[in-house]
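**Q** Need the 3D shape of this:
(one chain, ligands or ions: 2)
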Amino acid sequence: MTNTPFPLKKRSLWLWLVTACLALPLHAGDMRAWGPEQATGAPNSQGPGDLESAWASLTEDGRDEWLLLEYLNAVEPAQLRVFETFNPGAVVKITALDADDKESLLWEGTDPLRNGPPAGVAEFALNSAAATQRIKLYLASREVAGWNEIDAVELLAKDGSRQWAHLARASSTYAEPAPVATTTRVADEFSPYLDQPVVVLMEDSSKVHGVLLSSGKDFLILRADRNSRVLMLNKSKILTLEIVGGRD
Ligand SMILES: [Ca+2]
Ligand SMILES: [Ca+2]
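**A** Ligands and ions are numbered 1, 2, ... in the order given. Just a heads-up that it's a prediction; the model follows:
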């Protein structure tokens, strides 16, 4: 009798199952809070608010971001409706990707929700382009303070059809493992403040209250009092850091 731990046939079936599962739309229960998958399907976030049923990038304003959406049917795009549920207004460019990942510009400019309401549906009229089923949104996250969260993205075609995104990927996501796990603590001037409640004054005059979890090479990792989120603060932009004293 052979003792193959993983017979080829079974492995093929297993691979098929994995492939089949990856191709299926995720159900709500399988979705990670704030993962890009939260931008698939019809809107399900009652914004405005920091809601885990919308995609959020890893950092609030640490870098510019992108969100790539895939639709079931390739269509000639006419309009995109972006459901922006928290700190809207960061979309600056929209492109279509072809099968070879070549991008063509569909829209570029200022998001109609910039400096507008705290949540809304931004409607973008798109340049004509060949049929596509992949749309990429570019967000100037650094220019619009806070997490610029997107709940859903509807693609309207020239033939009048409408569809919600089926799959999504992003430049980063808050659903990634907490950065504290991957940051090596270094011994520096912040070491005496580790695990203490602190208030950090940033270069842009914003103040962050929280518990200092780690001091890495370039970033401080802090759990914010406001919403228990783990934040990465760029050390080069910190003016002061103080321990929050006991109550008077
Ligand atoms: Ca931002
Ligand atoms: Ca959603």
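**Q** Quick one: end-to-end distance for stretch 190-201.
**A** Distance across stretch 190-201, first residue to last, is 14 Å (C-alpha to C-alpha, to the nearest Å).
**Q** hmm, who's touching that stretch?
**A** The set of residues external to stretch 190-201 that reach it, using C-beta atoms under 8 Å, 6 or more residues apart in numbering, is 185, 207-215, 220, 222, 225, 233, 238-244. C-beta coordinates here come from the backbone N, C-alpha and C atoms, glycine included.
**Q** got the domain boundaries for the chain?
**A** Per the record, the chain has its domains at 33-170, 179-243, by automatic domain parsing.
**Q** In TSV: those, plus mean pLDDT and mean neighbour count.
**A** Putting these into TSV (pLDDT from 0 to 100; neighbours: other C-beta atoms under 10 Å) gives the following:
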stretch	mean pLDDT	mean neighbour count
domain 33-170	96	19
domain 179-243	83	15
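**Q** Could you point out which of these sits nearest ligand 2?
**A** Comparison of these against ligand 2 by C-beta to the ion identifies domain 33-170 as nearest, at 4.1 Å.
**Q** So which residues on this protein come close to ligand 1?
**A** 61, 141, 144, 148 (C-beta under 5 Å from the ion).
**Q** give the contact list for the nearest residue to the third one once chain neighbours are set aside.
**A** The spatially closest residue to residue 144, leaving aside those adjacent along the chain, is residue 90, at 4.1 Å (C-beta to C-beta, 6 or more residues apart in numbering). Contact partners of residue 90, counting by C-beta under 8 Å, 6+ apart, are 65, 111, 114, 139-141, 143-144, 148.
**Q** how does it look with 7 Å?
**A** The contact partners of residue 90, taken as C-beta atoms under 7 Å, 6 or more residues apart in numbering, are 111, 139-141, 143-144, 148.
**Q** Then residue 203?
**A** 237, 239.
**Q** Not counting sequence-adjacent ones, nearest residue to residue 113?
**A** Ranked by C-beta to C-beta, 6+ apart and with sequence neighbours excluded, the top spatial neighbour of residue 113 is residue 88, at 3.9 Å.
**Q** that older thread, for the residues of the chain next to ligand 1, which one is nearest residue 73?
**A** Residue 73 lies nearest to residue 148 out of the residues of the chain next to ligand 1, by C-beta to C-beta, at 27.6 Å.
**Q** quick revisit: and the residue nearest to residue 113, what helix or strand is that in?
**A** Here residue 88 sits in a region with no helix or strand, counting by DSSP states H and E.
**Q** From start to finish, how long is stretch 63-82 in a straight line?
**A** Counting by C-alpha to C-alpha, the terminal residues of stretch 63-82 are separated by 20 Å.
**Q** my bad, stretch 101-112
**A** Per C-alpha to C-alpha, the first residue of stretch 101-112 is 27 Å away from its last.
**Q** now do stretch 202-216
**A** Looking at stretch 202-216, the gap from its leading to its trailing residue is 17 Å under the measure C-alpha to C-alpha.
**Q** just how off-centre is that stretch within its chain?
**A** 21 Å (C-alpha atoms, centre = their mean, to the nearest Å).
**Q** what's the answer for stretch 234-246, then?
**A** Between the mean C-alpha position of stretch 234-246 and that of its chain there is a distance of 27 Å (C-alpha atoms, centre = their mean).
**Q** Name the surrounding residues that touch that stretch.
**A** Contacting residues not belonging to stretch 234-246 are listed as 190, 193, 196-203, 209, 218-220 [C-beta under 7 Å, 6+ apart].
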